[in-house]
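**Q** Curious how this folds, go ahead:
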Amino acid sequence: MAWGTAQTRASSKGLAGLLVFLFGTWLNVYPEWQRHVWKREACHQGRLYMGGLFSLARHINYTGEILSFVGFSLVTGALWTMWVPAVMGLGMCTLSIREIEFYLSQRYKEDWAVYIQQVPWLMIPGLF
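**A** So this is what the prediction gives:
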C-alpha cells in the first residue's frame, strides 16, 4: 500500500492493476524470449529477428514495460504514481525508439528495410 492511501483490502482497481502488471510483464519478456530462442540457432546469427510478437510491432516489448509500470501504479492505490509510466513512455517514444531504430538500421541494413515495410507499427499494432 502506498503512502497516503487508506485501503486495507484488495480493490477492483488493485486487482485490475495486478492483471495489467502481469500482462505487461509478459508482453515485455515473452518477445525477448522468442528472439533469444531464435538467435540461438547458428543459421540466425547476424540476422534481424522479425517473428513472433515482433511481427506485430517493432518495439512491442516497450509497450509491455510501460504497461507493467501502469499496473504497478494501479496496485499501489496512489494514482499520483502514474507520472512514472508517463515519463517512461515519453522517453521511450522520443529517445529510446529513435536510438534503437538507428542502431538496427545500421546493423541489419537489408533486413531492416524489409522489416519496416512488413511491420509499420512501433509499439501498438494498428495504432502506433
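
**Q** Quick check: chain neighbours aside, which residue is closest to Arg35?
**A** Of all residues not flanking Arg35 in the chain, Tyr49 sits nearest, at 4.4 Å (Cβ to Cβ, 6 or more residues apart in numbering). Any C-beta I mention is one placed from the backbone N, CA and C, and that applies to glycine too.

**Q** can you give me phi and psi for the one you found?
**A** phi -80, psi 120 (degrees, to the nearest 10).

**Q** Now Met50: phi and psi?
**A** Torsion angles, degrees, to the nearest 10, at Met50: phi -120, psi 10.

**Q** so it touches Ala113, yeah?
**A** No: the pair Met50 / Ala113 is not scored as a contact, 11.5 Å apart, by Cβ atoms under 8 Å.

**Q** Of those two, which one has the most company?
**A** Neighbours were counted for Met50 and for Ala113 using other Cβ atoms under 10 Å; Met50 has more, 17 against 11.

**Q** Distance-wise, check the more buried one relative to Ser12.
**A** Between Met50 and Ser12 the distance is 39 Å, computed by Cβ to Cβ, to the nearest Å.

**Q** Glu32 now?
**A** Glu32 is 31 Å from Ser12, by Cβ to Cβ.

**Q** swap in Thr94?
**A** Applying Cβ to Cβ, the value for Thr94 to Ser12 is 33 Å.

**Q** for Cys93, same thing?
**A** Distance from Cys93 to Ser12, by Cβ to Cβ: 30 Å.

**Q** Comparing these two, which residue is more hemmed in?
**A** Using other Cβ under 10 Å, the more surrounded residue of Cys93 and Ser12 is Cys93, with 16 against 7.

**Q** So that one, which state does it fall into?
**A** helix (DSSP: H, G, I helix; E, B strand; the rest coil).
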